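**Student:** below is the structure, and that's it, no one-letter string:
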Ligand SMILES: Cc1cc2nc3c(=O)[nH]c(=O)nc-3n(C[C@H](O)[C@H](O)[C@H](O)COP(=O)(O)OP(=O)(O)OC[C@H]3O[C@@H](n4cnc5c(N)ncnc54)[C@H](O)[C@@H]3O)c2cc1C
């Protein structure tokens, strides 16, 4: 039997590096395995990445982190989903909740009954059947309830958190769990002559740090996976039109919304992310249609509070590595690729890649079939995510700027065309294995972009439409009443997890 991995080196101490360190130190309880994280004292982190999706809650819970402690330490607020403003048409908004729309009845998905009622002349909005949408509409927050009969069942939540504080929190956690932290610049990567495996990295002070497995979390520098392993990239700019961003933090004005706002602008979209102590704002745009100064001006004109830092500019290298795992080098986070942050997936992709690493955890033989399988799964997952993101642009009906006209005509993959056309025809949501977004997310998009299917599932006719109407009304009322009883988002925070101002 091949020897076990004993030494792991993580290069990079941004959110990715510390998420990897924290989870390795907790999940792999092998007393003979040591984890070292090397972080440059000179090269900063990206420092954005403040909106998340619900699997972050599970990630922290599985590490044994106390939720209230984490929220206070990261100035976090709760997130029920994303409000898309002006995407379909300039004056129309829709909500993408972390929630299902009703439960299947007789094994037929709930939305078919709504479509059946609509086809019979009823006025229905799918969003009225999601408790998370109702809470968001009322600016409320409540934690979900596992009782399936409760309107508080069937939804999840995520956080808006301060990315820098989250990395700091995880670094303290990891060091307590035994991770060795080296503050130094990696200046060289040394390969074994015969195998091409990474043998060690060289630090600025001349030290060589050897390991069995290297995890590249060096951000866009991608020192190991690109610099040393040279795996190449797949360019994604054909599918994703926005390649630049400007970001600024502002003072908080009013109460924090329990959701992220994604506001369509003339040449892209603007995010608005409330934390307990400030707002995060940014404009993601296409450099083909807007220059950097105009983007900065547009952002500063539209934010409500006073700016509390300088506007930062970002190039968005829309690309993924052809593989994230080669020999003994595994890449995570920005080193593995960059998709734009429209659905706040950055941190989630770190988690799903880590989970694949654990499922196929190597020994020193680094089985090439295991590695190929991880790369296959990862690439399939990313292809679905890219399609999901591309759909936000492609389905617009806006034609008021050159950018939106471009989006309507931009190419999309055959797989995405297939999904959209099947939904248009039958109201059925095509799902592939290991999708990051669930059926309800795809439904949110189809519904938000006003795609009404030509048909509903024929079996939905087995229930009389008057019975469907009556049940839909009861459901709306019960959700509305339950939301009215919930606390406002701000009250909930004040009562349970108010952070000190100067965390
Ligand atoms: C504009 C924008 C908005 C985003 N919004 C979101 C969002 O809302 N939600 C979300 O989930 N994600 C978002 N992301 C993605 C998210 O920011 C990243 O996934 C996350 O911050 C992880 O970054 P990282 O740790 O991989 O890289 P970085 O933060 O760049 O960290 C890289 C680390 O590597 C170290 N390093 C680099 N070179 C060396 C060297 N030679 N020697 C030693 N150390 C080195 C650096 O010091 C640093 O510690 C956004 C990204 C951008 C650009």
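**Tutor:** Everything's here; your move. As the structure is a computational prediction, the values presented were derived from the model and not from experiment.
**Student:** near the ligand at all, the helix or strand containing residue 269?
**Tutor:** Taking DSSP states H and E as the definition, one finds residue 269 inside strand 268-274. No: using CB under 6 Å from any ligand atom, strand 268-274 stays clear of the ligand, with a minimum separation of 6.7 Å. The way it works is simple: take the backbone N, C-alpha and C, and place the C-beta from them, glycine included.
**Student:** can you list the strands that the helix or strand following that strand pairs with?
**Tutor:** Note on strand 268-274: by DSSP H and E, the next helix or strand toward the C-terminus is strand 279-285. In the sheet, strand 279-285 lines up against strand 244-250 (antiparallel), strand 268-274 (antiparallel) (DSSP bridges).
**Student:** show me the contact partners of strand 279-285.
**Tutor:** 48, 50, 160, 242, 244-253, 265, 267-274, 295-296, 298-299, 303-305, 316, 340-342, 403 (CB atoms under 8 Å, 6 or more residues apart in numbering).
**Student:** can you tell me which of these are buried?
**Tutor:** Restricting the contacts of strand 279-285 to buried positions leaves 48, 50, 160, 242, 244-250, 252, 265, 267-274, 295-296, 298-299, 303, 316, 340-342, 403, with burial counted as 16 or more other CB atoms under 10 Å.
**Student:** secondary structure element holding residue 230?
**Tutor:** Assigned by DSSP H and E, residue 230 belongs to no helix or strand.
**Student:** tell me, how many residues neighbour it?
**Tutor:** 8 (other CB atoms under 10 Å).
**Student:** that one and the ligand: what is the separation?
**Tutor:** Separation of residue 230 from the ligand (CB to the nearest ligand atom, to the nearest Å): 17 Å.
**Student:** where does the stretch 1-150 of the chain dip in pLDDT?
**Tutor:** Residues of the stretch 1-150 of the chain meeting the criterion pLDDT under 70: 1, 146-150.
**Student:** tell me the residues of it that contact the ligand?
**Tutor:** Counting by CB under 6 Å from any ligand atom, the residues of the stretch 1-150 of the chain close to the ligand are 11-17, 38-40, 43, 45-46, 48-52.
**Student:** now, which of these lie within strands?
**Tutor:** Of these, the ones assigned to strands by DSSP state E are 11, 38, 39.
**Student:** what about the helices in the stretch 1-150 of the chain?
**Tutor:** Assigned by DSSP state H, counting those that start in this stretch, the helices in the stretch 1-150 of the chain fall at 15-27, 55-62, 67-74, 110-119, 131-137.
**Student:** which residue ranges of the stretch 101-250 of the chain form strands?
**Tutor:** Under the criterion DSSP state E, counting those that start in this stretch, the stretch 101-250 of the chain contains strands at 140-141, 158-160, 180-183, 186-191, 198-203, 208-210, 213-216, 233-235, 244-250.
**Student:** ok, the closest residue to the ligand within the stretch 351-500 of the chain - how many residues close by?
**Tutor:** Distance from the ligand to each residue of the stretch 351-500 of the chain (CB to the nearest ligand atom) is smallest for residue 351, at 10.0 Å. Neighbour count for residue 351, taken as other CB under 10 Å: 19.
**Student:** quick check: mean pLDDT of stretch 484-503?
**Tutor:** Mean pLDDT, computed over stretch 484-503, is 91.
**Student:** let me fix that: stretch 232-244
**Tutor:** 97.
**Student:** most tightly surrounded among the strands of the stretch 101-250 of the chain?
**Tutor:** strand 213-216 (a mean of 30; mean count of other CB atoms under 10 Å).
**Student:** quick check: the spatially most central residue of the chain vs residue 166, distance?
**Tutor:** Geometric centre of the chain, nearest residue: residue 345, 1.6 Å, by CA atoms, centre = their mean. Plainly put, residue 345 is 16 Å away from residue 166 if you go by CB to CB, to the nearest Å.
**Student:** do the same with residue 303
**Tutor:** Taken as CB to CB, the span from residue 303 to residue 166 is 23 Å.
**Student:** wouldn't the residue nearest to the centre of the chain be in contact with residue 53 here?
**Tutor:** Yes: if you go by CB atoms under 8 Å, residue 345 and residue 53 touch, sitting 6.5 Å apart.
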